[in-house]
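Novice: Sequence and predicted structure below; questions after.
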Amino acid sequence: MASKAKITGVSHYVPPKVLTNKDFEKMVDTTDEWIITRTGIKERHILEDGKGSSYMGAFAAKRALEEAGVSPEEIEMIVVATVTPDMMFPNTACLIQDQIGAKNAWGVDVNGACSGFIYATAMATQFIETGRHKKVLVVGADKMSAITDYTDRNTCVLFGDAAGAIVLEPSEDPELGIIDYILRSDGSGGKYLYQLGGGSLHPASHETVDKKMHYIYQDGRTVFKYAVAGMADITEEIVKKHHIDSKDIKMLIPHQANMRIIDATARRLKLDPEKVLINIHKYGNTTAATIPMGLSEVYQDGKLQKGDTVLFAAFGAGFTFGSMLLRWAI
Ligand code: UT7
């Protein structure tokens, strides 16, 4: 019988430079109070110039491999979730493969925006479940500062840079590991959150630069409305499907876009606040990195025991959304 995939190592990387809400008060027309009450964010970390998402991803990946006791040469496949690849091609997975010395691995990038890590993990899980691969690395890495317009108060206060990584291996126990996931998308929401320039439709030109088309555009209010309902719905769906009682959930690790979106999901599941990972105040929205980074922090804090029920939940550009159910296996 096919085995489940289990996480055997997890880690993350956050660059040292910090931008606080006070810093933003000097840059745009905003206040610390507005940012905290509307989003929950206090500060975010920014990667230095001259380094891309692969740098952070490789850092997190190396540490996750150490945690798992797996050597880079043993990795067979690398899946990287990112919307800020170092470049259009080669893909970030190849750059990370080279940086960590995973010389026997093939790799691919997944562009699922804020749901990217759940999408990437679901895809990687298939290769373990079919028996095709035994050791797979999944990375979520985004340098959002590279596509943020620091004169636009609507978006610049929201995002930060970070990476997280997990190692997946087959689970001997079918009750432990990644149990299930629900993945969805709604492309009609694409017009509310995007980066227009630099692709084949609007290749980089003086015009795309002048019109600021290489930056994030977001209709925040509309995305908020869809995200509040979308993330809560898809998380409730997986919980109901598996007949899980809220008291049996050890941790919800939701995408960190807005404190109010996270609260709505937690309320729907009737979860006590201590069962919900919140780190948005420290890092802002780091897109594909939020979930592996949250998992890494929870694990490092010693909050997870073997057999614990953990949920991931995300909603993001696309629209993309998804939830994942796992039983902690380390
Ligand atoms: O992770 C991917 C998915 N993304 C999300 O899930 C994000 C979803 N959206 C949100 O989290 C929220 O919509 C935001 C945090 C982006 C905005 O919060 P909001 O409560 O929806 O504010 P709003 O966009 O409705 O703006 C309210 C007011 C506006 O002023 P007027 O038009 O009412 O005069 C904005 O111009 O707040 C203004 N505003 C700001 N004021 C101070 C917008 N940004 C700022 C700012 N500082 N940084």
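Specialist: Structure received.
Novice: Any stretches of this protein with poor pLDDT?
Specialist: Applying pLDDT under 70 to the chain flags residues 1.
Novice: give me phi/psi at whichever residue of the stretch 1-150 of the chain sits closest to the ligand?
Specialist: Ranked by C-beta to the nearest ligand atom, the top residue of the stretch 1-150 of the chain for proximity to the ligand is residue 30, at 3.2 Å. C-beta coordinates here come from the backbone N, C-alpha and C atoms, glycine included. As for residue 30, its main-chain torsions (degrees, to the nearest 10) stand at phi -150, psi 170.
Novice: Help me confirm that it comes into contact with residue 158.
Specialist: No: judged on C-beta atoms under 8 Å, residue 30 makes no contact with residue 158 at a distance of 11.1 Å.
Novice: So which of those two has more stuff around it?
Specialist: Between residue 30 and residue 158, residue 158 has the larger neighbour count (other C-beta atoms under 10 Å), namely 22 against 17.
Novice: and the helix or strand residue 78 falls within, what does it pack onto?
Specialist: Secondary structure assignment for residue 78, by DSSP states H and E: strand 77-81. When contacts are defined as 3 or more C-beta pairs under 8 Å, 6 or more residues apart in numbering; DSSP states H and E, strand 77-81 packs onto helix 92-100, strand 106-110, helix 116-129, strand 136-143.
Novice: Would you mind pulling the contact partners of it?
Specialist: Contact with strand 77-81 is made by 57, 61, 91-93, 96-97, 102, 105-112, 116-117, 119-121, 123-124, 127, 133, 136-141, 288, as judged by C-beta atoms under 8 Å, 6 or more residues apart in numbering.
Novice: if we go to 7 Å?
Specialist: Here strand 77-81 makes contact (C-beta atoms under 7 Å, 6 or more residues apart in numbering) with 57, 92-93, 96-97, 102, 105-110, 112, 116-117, 119-120, 123-124, 127, 133, 136-141, 288.
Novice: okay, now residue 244: neighbour count?
Specialist: Burial measure for residue 244: 16 neighbouring residues, criterion other C-beta under 10 Å.
Novice: on that earlier part again, what's the most buried one of the helices and strands packed on strand 77-81?
Specialist: The highest mean neighbour count among those, using mean count of other C-beta atoms under 10 Å, belongs to strand 136-143: a mean of 32.
Novice: ok, that one: who's next to it in the sheet?
Specialist: strand 77-81 (parallel), strand 161-171 (antiparallel) (DSSP bridges).
Novice: anything in that strand near the ligand?
Specialist: No: judged by C-beta under 6 Å from any ligand atom, strand 136-143 stays clear of the ligand, getting no closer than 10.5 Å.
Novice: Following the chain onward from that strand, which element is next?
Specialist: Per DSSP H and E, the first helix or strand lying C-terminal to strand 136-143 is helix 153-156.
Novice: hey, C-alpha coordinates of that following helix in CSV?
Specialist: The C-alpha trace of helix 153-156 is given here as CSV (Å, rounded to 0.1, in the frame of the first residue of the first chain):
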residue,chain,number,x,y,z
ARG,A,153,0.8,53.1,1.4
ASN,A,154,-1.9,50.6,0.3
THR,A,155,0.6,47.8,-0.2
CYS,A,156,4.1,48.7,1.1
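Novice: list the contacts for whatever residue of the stretch 151-300 of the chain ends up closest to the ligand?
Specialist: Distances between the stretch 151-300 of the chain and the ligand by C-beta to the nearest ligand atom are smallest at residue 220, namely 2.9 Å. By C-beta under 7 Å, 6+ apart, the contact list for residue 220 reads residue 154.
Novice: State the distance from it to residue 64.
Specialist: 33 Å (C-beta to C-beta, to the nearest Å).
Novice: Tell me where the protein has helices.
Specialist: Counting by DSSP state H, one finds helices in the chain at the ranges 21-27, 32-39, 53-68, 92-100, 116-129, 153-156, 206-210, 220-241, 259-268, 280-283, 290-300.
Novice: Flag every residue of the stretch 51-200 of the chain that's near the ligand.
Specialist: Taking C-beta under 6 Å from any ligand atom as the contact definition, the stretch 51-200 of the chain meets the ligand at 114, 153, 154, 157.
Novice: how deep is the first one tucked in, by neighbour count?
Specialist: Around residue 114 sit 33 other residues, with neighbours defined as other C-beta under 10 Å.
Novice: doesn't residue 287 make contact with it?
Specialist: Yes: the pair residue 114 and residue 287 qualifies as a contact (C-beta atoms under 7 Å) at a distance of 5.5 Å.
Novice: Mutual contacts of these two, please.
Specialist: Common contact partners of residue 114 and residue 287 (C-beta under 7 Å, 6+ apart): none.
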